[in-house]
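Q: Okay, sequence plus prediction incoming.
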Amino acid sequence: MYKYIYVKSKARGLLSKEDHREIIDKYSKDGWRFVTAIPLPSGNQVITEFDLVFEKEE
């Protein structure tokens, strides 16, 4: 059986430094495995955030 957590990551412009890699590295060091990123559109259908999904065996 696996347990899952969802960590928000801001979507930024193409020229901005993104933090998703740092988040993935941080959680993987704690034994979590990155599964996928789920885009979270704002009210005007622009992607502003992602839920980064991690899993770990219980």
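A: Cool, the structure landed.

Q: Sort out which residues of stretch 33-50 are buried, please.
A: Within stretch 33-50, the residues that qualify as buried are 34, 37, 50, counting by 16 or more other Cβ atoms under 10 Å. (Glycine included, C-beta is placed from N, CA and C.)

Q: What about residue 55, how many residues nearby?
A: In terms of burial, residue 55 registers 14 neighbours under the definition other Cβ atoms under 10 Å.

Q: Could you say which helix or strand holds it?
A: Assigned by DSSP states H and E, residue 55 belongs to strand 47-57.

Q: hey, what's the spatially most central residue of the chain bridged with?
A: Ranked by distance to the mean C-alpha position of the chain (Cα atoms, centre = their mean), the top residue is residue 52 at 2.0 Å. Taking DSSP bridges as the rule, residue 52 bridges to residue 7, residue 37.

Q: That one against residue 37, yeah?
A: Yes. Residue 52 sits in contact with residue 37 when judged by Cβ atoms under 8 Å, with a separation of 5.4 Å.

Q: any common contacting residues for the two?
A: When contacts are counted by Cβ atoms under 8 Å, 6 or more residues apart in numbering, the set common to residue 52 and residue 37 consists of 9, 20.

Q: could you list every residue that touches residue 7?
A: Applying Cβ under 8 Å, 6+ apart, we find residue 7 in contact with 23, 27, 51-52, 54.

Q: Farthest-apart pair in those residues, please.
A: By the measure Cβ to Cβ, the contacts of residue 7 have their two most distant members at 27 and 51, which lie 12.8 Å apart.

Q: Many thanks, I have nothing further to ask.
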